[in-house]
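1. Sequence first, then the predicted structure, then my questions.
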Amino acid sequence: MPKIHHDMIQPKGAAYRTSQLHSRSHYLEPIDDTEGRLSGNSRIWGDADPEVQSQVIDMLVATSKDAGLSARETAHVLAIARVESGFNPDAAAGTTSASGVGQFIDNTGKAYGLDDTNRFDADAQARALVSHFIDNRELAARRGQGEVYIYKYHHDGPSRDYGGLGLSADKVMPLLDRYTRFVETEFEFERTGTKLDSDAPSVSGKMVVKQVSELLREGQRSEAVRELQAGLATLGFNDTRGVPLQADGLFGSRTAQAVRAFQAEQGLQVDGVVGPLTRDALDRAVQAQGSVRPAFENLQRAQTPLDALLSVARQGDPEALKAAVDTFSRTSFAQDFQTVIAQSGSGQPAAEIEPQGTCGPER
């Protein structure tokens with residue numbers, strides 16, 4: 001018998017009228033009630049038994065955890081599922097082709113492995129929703145935007161505006177703190193200041209739990225954050241636009257972007273949260289970089305990525321210049337330049353490949 005997450009269960013929503021149904025809607029399709037399948041009672045938002053909703057929640061958390069999402073990011077996935085389907089795996093919109101836990105319209109669903117054979121499969125929907133969340137998180141990060149934009153892109157797509165930002169602020173964001181506490185309490189995420197250390201030695205075959213004196217994450221302000229920003233700037237890790245960090249002690253979205261870039265390079269879990277493994281890797285990297293620290297202090301003060309490179313080049317230090325070139329090559333400016341050069345050679349126009357939205361009108 002699955003555990004029932006009573007505080008998360010949603011009531012049945014309102015039904016669509018026949019006059020509202022779109023020709024592409026899956027609302028009137030029969031429900032597969034095969035024994036053992038996670039199924040809702042109807043296509044209506046939230047119309048699934050508590051046992052089914054709880055299993056959908058468990059599946060979303062497990063899929064998020066497998067993808068390396070943090071507790072808050074997992075809470076964000078849960079909040080999107082709650083707003084979209086009320087945790088009913090068989091939910092379907094009447095006015096669009098949106099369907100399933102994440103309410104993917106047909107076109108977007110295809111990009112995430114959903115089709116006529118698995119459109120209402122809870123496991124397939126969970127994988128699609130987590131993948132789509134990650135893509136939209138990265139899209140917002142590339143554009144220097146905060147987490148409130150993640151659901152906007154889920155709802156609107158990358159370039160349209162169907163009111164998703166307002167819905168995110170009103171419906172999704174207010175759930176995040178409570179859902180984060182739920183994830184941390186009910187599942188083994190970052191709980192009570194402890195975290196599993198995968199590098200720690202085992203004792204009698206069990207993983208050692210390493211104490212974390214302070215987890216640094218977005219929204220915090222402290223001297224420890226200031227030191228983190230200085231370390232990232234020393235190593236040349238900037239925000240996604242290539243703008244160097246300022247050591248102001250405020251852990252904002254730009255600092256989180258730099259942390260994720262550092263974690264990716266180090267082969268760590270990319271979650272934007274600084275725990276003991278990230279902190280240790282940062283300390284080691286800063287110590288190894290000590291010989292070129294003055295050059296990177298100049299790099300931090302420069303106004304643009306190109307100014308930063310020129311600033312170091314003028315010093316005539318080959319080692320510092322090499323480090324600065326490596327840093328510049330990771331900026332979005334340099335990557336965009338390389339893309340334009342490559343595509344101009346092939347006669348193809350430059351175009352950004354981005355995920356589509358799920359809930360906007362059919363297009």
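-> Yep, that arrived.
2. pLDDT below threshold where in the stretch 1-150 of the chain?
-> Scanning the stretch 1-150 of the chain for pLDDT under 70 picks out 1.
3. What segments of it are helices?
-> Taking DSSP state H, counting those that start in this stretch as the test, the helices found in the stretch 1-150 of the chain are 50-66, 71-85, 106-111, 122-142, 148-156.
4. Next, the angle helix 50-66 makes with the longest one.
-> An angle of 50 degrees separates the directions of helix 122-142 and helix 50-66 when computed by axes from the mean of the first three to the mean of the last three Cα atoms, to 10 degrees.
5. now stretch 53-70, how far from the centre of its chain.
-> Distance, stretch centre to chain centre, for stretch 53-70: 14 Å (Cα atoms, centre = their mean, to the nearest Å).
6. Going by neighbour count, list what's buried in that stretch.
-> Neighbour counts over stretch 53-70 (16 or more other Cβ atoms under 10 Å) mark 53-61, 63-65, 67, 69-70 as buried. C-beta here means a position set from N, CA and C on the backbone, and glycine is covered the same way.
7. Check stretch 11-21 too.
-> Buried, per 16+ other Cβ under 10 Å, within stretch 11-21: residue 16.
8. how far does it stretch from start to finish?
-> The first residue of stretch 11-21 is 22 Å away from its last residue (Cα to Cα, to the nearest Å).
9. With stretch 23-43 instead?
-> Distance across stretch 23-43, first residue to last, is 16 Å (Cα to Cα).
10. how close does residue 129 get to residue 34?
-> 22 Å (Cβ to Cβ, to the nearest Å).
11. Look at these two and report which has more neighbours.
-> residue 129 (28 against 7; other Cβ atoms under 10 Å).
12. List the contacts of that one.
-> Listed by Cβ atoms under 8 Å, 6 or more residues apart in numbering, the contact partners of residue 129 are 60, 63, 77, 80, 81, 101, 102.
13. at 10 Å instead, please
-> Contact partners of residue 129, counting by Cβ atoms under 10 Å, 6 or more residues apart in numbering, are 59-60, 63-64, 77-78, 80-81, 84-85, 100-104, 112, 154, 358.
14. Same check on residue 7?
-> Contacts of residue 7 (Cβ under 10 Å, 6+ apart): 178, 179, 182, 186.
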